[in-house]
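Peer 1: Provide a 3D model corresponding to the input given below.
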Amino acid sequence: MGSIFALLLAFWVSFWALPVQAGRWQIKAQKLFYYAETKIFVAEGEVIIAGEDFTVFCQRARYEMETKTVYLWGPLTITTDGDKLEGQRGWLNLETYHGEVENGHLFLRPGRVKALALAQTTVHVLAKRMEMRGKDRYQAEKALITTCNVCYPQETCTPDWSLRTHKIKITPAGKAKAKHLTFNIKKVPVAYSPYVSLSVKAERHSGFLLPRLVHGSREGTGLEWPFFWDINDSLDLTFYPFYTRKRGFMLGLEGNYALTAKDKGTFRIRYLKDRLGDNDYNNDGIIRDNKKRYWITAKIDQWLAPGWETHLDLDILSDRDFLYEFLSGPLGFDQSHLSYLRRFGRGLEEKNTR
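Peer 2: The predicted model follows:
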């Protein structure tokens, strides 16, 4: 008799497809079945499992009330705090937020990345098996990390650049700790480290930021791999070592301090001992004969006394061509102008007026 009642109840819920409340979660689908004897919900067709800060989309789900675990069949998507995890199938405990996704593809949304060059870029993490160890905590084996367009399966994915690691952990504080990491250009590994700590989200942490790969007729192939140093709550430095095959090694440095909300400053330095002998960039008739090239900028806001506010702007350039030749990157003209504008309310002098 009990089994007949459970069957009738399952058909009734399926017919009306009413939302089901599972603790703090709500389950919606085209079809919903409930089996009273085993305390299991089965959802089929455009399944949505929504909580306060988690949302799960999939095609089929089985929720076990006793264990508070939901098993998912995809394609599936899990969204949380702007990040997104996609996969083929998996499971998730709705109480502890522990789970696992097969063929996982984690998207860290734009703005979550500390590196200025990647501030508007989505960071991708791909792995055959992606584990969730709680809110904003992930672990993966044989993972690929990149900002390029990616594909699946991972074996056929060859982005322009990628970081590949045997094991990676991403913590809620925004640190990515990777073991046996290689930096790859296409499929070719060009650098290796047994252990690396990366800052992959917006919180302040000392560590390497994601690299930037360039290729051009005047630079050749080049690599920039920044390092962020969180000295204290009011002071930080970011080093931008940048090597290109044709131009040589360029050193970049950015410093920021904030004593109060109104007393703050930023400086940016780029220096290059140029290998390239061409001295008439763009054939514009402007000749440069210097090998030592640099660009130094700074802005400082300082309140010396009530009603007495001081603004200092510094902009020193070795030659006009520098801004055009090295336009891209976090220390290039465009991003420097926007960064100063956001922080100080005033940007840089237009490069074509120099």
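
Peer 1: Going by C-alpha atoms from here, please, whenever you check contacts or count neighbours.
Peer 2: Will do.

Peer 1: for residue 25, what are its contacts?
Peer 2: Under the criterion of C-alpha atoms under 8 Å, 6 or more residues apart in numbering, the neighbours of residue 25 are 49-52, 94.

Peer 1: Repeat the analysis, applying 6 Å as the threshold.
Peer 2: By C-alpha atoms under 6 Å, 6 or more residues apart in numbering, the residues touching residue 25 are 50-51.

Peer 1: what about the helices in the stretch 1-150 of the chain?
Peer 2: 2-16 (DSSP state H, counting those that start in this stretch).

Peer 1: how about the strands of it, start to end?
Peer 2: 20-22, 25-28, 31-35, 40-50, 55-64, 69-80, 83-93, 98-108, 123-133, 138-146 (DSSP state E, counting those that start in this stretch).

Peer 1: Next, format these as TSV and append mean pLDDT and distance to residue 255.
Peer 2: Output for those, formatted as TSV (pLDDT from 0 to 100; distance: least, C-alpha to C-alpha, whole Å):
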stretch	mean pLDDT	distance to residue 255
strand 20-22	59	50
strand 25-28	88	45
strand 31-35	91	57
strand 40-50	93	43
strand 55-64	95	39
strand 69-80	93	32
strand 83-93	93	29
strand 98-108	92	26
strand 123-133	90	25
strand 138-146	90	26
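
Peer 1: Dump the ones you listed into CSV; add distance to residue 226 as well.
Peer 2: Conversion of the strands of the stretch 1-150 of the chain to CSV gives the following (distance: least, C-alpha to C-alpha, whole Å):
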stretch, distance to residue 226
strand 20-22, 46
strand 25-28, 42
strand 31-35, 51
strand 40-50, 38
strand 55-64, 34
strand 69-80, 28
strand 83-93, 23
strand 98-108, 19
strand 123-133, 16
strand 138-146, 15
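
Peer 1: Any idea which of those gets closest to residue 337?
Peer 2: strand 123-133 (23.8 Å; C-alpha to C-alpha).

Peer 1: Residues contacting the closest one, please?
Peer 2: Here strand 123-133 has contacts from 98-108, 138-140, 143-147, using C-alpha under 6 Å, 6+ apart.

Peer 1: Convert the C-alpha atoms of it to CSV, please.
Peer 2: Provided in CSV are the C-alpha atoms of strand 123-133 (Å, rounded to 0.1, in the frame of the first residue of the first chain):
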residue,chain,number,x,y,z
VAL,A,123,40.5,32.9,-16.5
HIS,A,124,39.8,29.3,-17.5
VAL,A,125,40.7,26.2,-15.4
LEU,A,126,40.1,22.8,-17.1
ALA,A,127,40.5,19.4,-15.5
LYS,A,128,39.2,15.8,-16.0
ARG,A,129,38.0,15.9,-12.4
MET,A,130,37.3,19.1,-10.5
GLU,A,131,36.6,18.9,-6.8
MET,A,132,34.7,21.4,-4.8
ARG,A,133,36.0,21.6,-1.2
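
Peer 1: Pull the distance from it to the chain's centre.
Peer 2: 13 Å (C-alpha atoms, centre = their mean, to the nearest Å).

Peer 1: neighbours around residue 319, how many?
Peer 2: 17 (other C-alpha atoms under 10 Å).

Peer 1: tell me the SS of it?
Peer 2: With DSSP: H, G, I helix; E, B strand; the rest coil as the basis, residue 319 sits in coil.

Peer 1: how far away is it from residue 274?
Peer 2: 12 Å (C-alpha to C-alpha, to the nearest Å).

Peer 1: got it, and residue 243?
Peer 2: Counting by C-alpha to C-alpha, the gap from residue 243 to residue 274 is 11 Å.

Peer 1: With residue 298 instead?
Peer 2: From residue 298 to residue 274 the distance is 23 Å (C-alpha to C-alpha).

Peer 1: Once you drop chain neighbours, what's closest to residue 71?
Peer 2: Computed as C-alpha to C-alpha, 6 or more residues apart in numbering, the closest residue to residue 71 that is not its neighbour in sequence is residue 91, at 4.3 Å.

Peer 1: Who is the one you found paired with across the strands?
Peer 2: residue 71, residue 100 (DSSP bridges).

Peer 1: That one touches residue 99, doesn't it?
Peer 2: Yes. With contact defined as C-alpha atoms under 6 Å, residue 91 and residue 99 form a contacting pair (5.3 Å).

Peer 1: give me the number of residues near the nearest residue to residue 87 once chain neighbours are set aside?
Peer 2: Of all residues not flanking residue 87 in the chain, residue 104 sits nearest, at 4.6 Å (C-alpha to C-alpha, 6+ apart). For residue 104, the count of nearby residues is 27 (other C-alpha under 10 Å).

Peer 1: how near is residue 104 to residue 48?
Peer 2: 19 Å.

Peer 1: what about the residue nearest to residue 71, neighbour count?
Peer 2: 21.

Peer 1: Likewise for residue 207?
Peer 2: Neighbour tally, residue 207, other C-alpha under 10 Å: 19.

Peer 1: That one and residue 228 touch, don't they?
Peer 2: Yes. Counting by C-alpha under 6 Å, residue 228 is a contact partner of residue 207 at 5.4 Å.
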